[in-house]
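Undergrad: sequence unknown, structure follows:
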Ligand SMILES: NC(=O)C1=CN([C@@H]2O[C@H](COP(=O)(O)OP(=O)(O)OC[C@H]3O[C@@H](n4cnc5c(N)ncnc54)[C@H](OP(=O)(O)O)[C@@H]3O)[C@@H](O)[C@H]2O)[C@@H](O)CC1
Ligand SMILES: Nc1ncnc2c1ncn2[C@@H]1O[C@H](COP(=O)(O)OP(=O)(O)O)[C@@H](O)[C@H]1O
């Protein structure tokens, strides 16, 4: 299932639409039930403590308490006073089940958590405005102490104290083992330190009119079936001339490996022919790669009339890469710009067949901001880059964001072992290979990122943190088969 990513403004807009249609009550009911099911699964029949804040997040917790009580679980509930109509209504409904609701204080949390197998955090959701007020800060501290003593914590929507839009927690927050997110994800559940506090994230899809969630979403996270549908299917009589002629323009003395890794990535992602154009001597890494050395690569590029189907430029190229990149961009061919070709002076030079692939440091250089600004909010940074540079932008990370003229995608997966030099060079080659096989820039970017991440997952099983970019390349064929369910023989 393709998942949606929301900002608080999107959640509020969706709430308003639900309310106007008389559907907010059933929506909260669905969320509460999904939370109750998750809590029951975690508790294995043991007591569950539910904490309800003053907003709709608290209402979700009160609905969950009602379901759990109805299923015969031992429930303990502590709630803040609320002005939220639906939250108040659900508190009244809970009373009919004979469940007593205690006052939400830090001392009560500590007391009731004792012996509770699961604690449900329904204190704050997307309506939280940092900083955390003192009375709730002490409650959050009590929740985390209970977790330290062995109680499992399940957060509703996002751990209380996280700012939904930011990868950086504004301060202390609940640390959850599981987070159940109604309708879709929030940026804080995907990126950075914030995401590490959410534990395992489960999206609770609600029954909504089909376009409503899509209409309010800030980005989407396509599933593997959607990505697999983008991958090319070859005719049975395909030959190397129809599978894409790819050039890798990169490599300077001391940095030739970067170009070689991109070349390997392109070969393993199905390119028919791959040629490295380099100003340095490139060692024979694999006999399938063709290597052409140029004394003056810039001069050669400016003068040659030869053209491939796709180009990747910048890997290990060193100073002067922007000039070469500008020449290549002038050809209007499907192009990947990576590493040294990612220079601010190329702003506006992109076209609709090109893909820029910065990591956060390169993105910061392109935008003229600090790296922390990029990593705090990768969705905004990726969109800013796309608007400034044109074409499609892949802001790399775990996970990566793909910004294209029609919106943004977040790509799932990968492995922490991929935090290793050369991994981005491989990705540049993969995307170039997909461009060479006829994919649009946006589709090649999304499919390339997911293929690369899936290959990383496969290599991670074998090599753990010791995996290298070459190991990832070696798994690209298997990753392709994983995504397509073994297809790819030809039609
Ligand atoms: N369509 C959907 O996706 C659906 C979403 N749903 C749910 O709705 C949730 C959003 O609900 P929401 O808007 O009521 O916000 P939420 O976070 O519960 O509470 C806000 C309250 O927190 C308080 N507060 C704020 N800042 C604070 C601070 N610094 N320090 C301390 N307190 C602070 C403030 O209290 P007050 O100042 O009024 O006392 C305010 O009233 C969402 O996360 C999801 O769970 C489902 O129910 C249905 C479908
Ligand atoms: N922890 C991680 N989880 C998932 N993917 C990761 C992780 N760390 C790195 N990657 C991926 O590895 C690649 C690293 O790219 P980059 O930093 O440009 O490497 P290099 O410049 O060394 O080639 C990106 O595609 C990124 O998404």
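TA: Noted; the coordinates are in hand. None of the values given here were measured: they were computed from a predicted structure. Ligands and ions are numbered 1, 2, ... in the order given.
Undergrad: Residue 247 contacts residue 271, correct?
TA: No: applying CB atoms under 8 Å, one finds residue 247 not in contact with residue 271, separated by 10.0 Å. For every residue, glycine as well, the C-beta is placed using N, CA and C.
Undergrad: from the stretch 251-400 of the chain, which residue is nearest to ligand 2?
TA: residue 398 (2.5 Å; CB to the nearest ligand atom).
Undergrad: what's the spacing between that residue and residue 480?
TA: 21 Å (CB to CB, to the nearest Å).
Undergrad: Let me know the average pLDDT across stretch 425-432.
TA: Averaged over stretch 425-432, pLDDT sits at 98.
Undergrad: that older thread, what's near enough to touch the closest residue to the residue of the stretch 251-400 of the chain closest to ligand 2 other than its chain neighbours?
TA: Using CB to CB, 6 or more residues apart in numbering and skipping residues adjacent in sequence, the residue nearest residue 398 is residue 414, 5.1 Å away. By CB atoms under 8 Å, 6 or more residues apart in numbering, the contact set of residue 414 is 398, 399, 400, 452, 453, 456, 457.
Undergrad: mind listing which of those are in strands?
TA: Cross-referencing those against strands under DSSP state E gives residue 400.
Undergrad: Take the contacts of residue 414 and lay them out in CSV including pLDDT, neighbour count and distance to residue 165.
TA: Output for those, formatted as CSV (pLDDT from 0 to 100; neighbours: other CB atoms under 10 Å; distance: CB to CB, whole Å):
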residue, pLDDT, neighbour count, distance to residue 165
398, 89, 18, 19
399, 95, 21, 16
400, 98, 26, 18
452, 98, 32, 27
453, 98, 23, 24
456, 98, 28, 27
457, 97, 18, 28
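Undergrad: measure residue 228 to ligand 2 for me?
TA: To ligand 2, residue 228 is 19 Å away according to CB to the nearest ligand atom, to the nearest Å.
Undergrad: Count the residues that sit near residue 465.
TA: 11 (other CB atoms under 10 Å).
Undergrad: Could you do residue 38 as well?
TA: 21.
Undergrad: Surely residue 56 touches residue 123?
TA: No: counting by CB under 8 Å, residue 56 does not reach residue 123; the two are 11.8 Å apart.
Undergrad: quick one: which of those two has more around it?
TA: Shown here are residue 56 and residue 123; by other CB under 10 Å, residue 123 has more neighbours (31 against 28).
Undergrad: Please name the residues that touch the more buried one.
TA: So residue 123 contacts 51, 52, 53, 57, 58, 80, 136, 139, 140, 160, 174 (CB under 8 Å, 6+ apart).
Undergrad: who touches the lowest-mean-pLDDT helix or strand in the chain?
TA: The helix or strand of the chain with the poorest confidence is helix 210-216; it has a mean of 92 (mean pLDDT, DSSP states H and E). Outside helix 210-216, the residues within contact range by CB under 8 Å, 6+ apart are 4, 6, 10, 11, 13, 14, 17, 183, 184, 220.
Undergrad: can you list the residues of this structure near ligand 2?
TA: 359, 396-398, 400, 414-416, 418-419, 421-425, 427, 452-453 (CB under 6 Å from any ligand atom).
Undergrad: pLDDT wise, what is residue 1 at?
TA: 82.
Undergrad: check contacts around it.
TA: Contacts of residue 1 by CB under 8 Å, 6+ apart are 203, 205, 223.
Undergrad: Also residue 45?
TA: residue 73.
Undergrad: about what we covered before: look up phi and psi at the residue of the stretch 251-400 of the chain closest to ligand 2.
TA: The phi/psi pair for residue 398 (degrees, to the nearest 10) reads phi -120, psi 90.
Undergrad: And residue 157, by the same measure?
TA: Dihedral angles for residue 157 - degrees, to the nearest 10 - are phi 70, psi -60.
Undergrad: Is it correct that it is in contact with residue 125?
TA: Yes: the pair residue 157 / residue 125 is scored as a contact, 4.0 Å apart, by CB under 8 Å.
Undergrad: Need the overlap of contacts for the two.
TA: 57, 60.
Undergrad: and the contacts of residue 123, which are buried?
TA: 51, 52, 53, 57, 58, 80, 136, 139, 140, 160, 174 (16 or more other CB atoms under 10 Å).
Undergrad: residues touching the nearest residue to residue 458 once chain neighbours are set aside, list them.
TA: In space, and not counting its chain neighbours, residue 458 is closest to residue 475: 4.1 Å by CB to CB, 6+ apart. Shown in contact with residue 475 (CB under 8 Å, 6+ apart): 454, 455, 456, 458, 459.
Undergrad: I figured the last one hits residue 471, correct?
TA: Read it as residue 459. Yes: in this structure residue 459 lies within contact range of residue 471 using CB under 8 Å: 4.2 Å.
Undergrad: Of these two, which one has the most company?
TA: residue 459 (26 against 20).
Undergrad: any idea how far residue 97 is from residue 63?
TA: 11 Å.
Undergrad: Take the contacts of residue 1 and write them to CSV, including pLDDT and secondary structure.
TA: Below are these laid out as CSV (pLDDT from 0 to 100; DSSP: H, G, I helix; E, B strand; the rest coil):
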residue, pLDDT, secondary structure
203, 96, strand
205, 89, coil
223, 95, coil
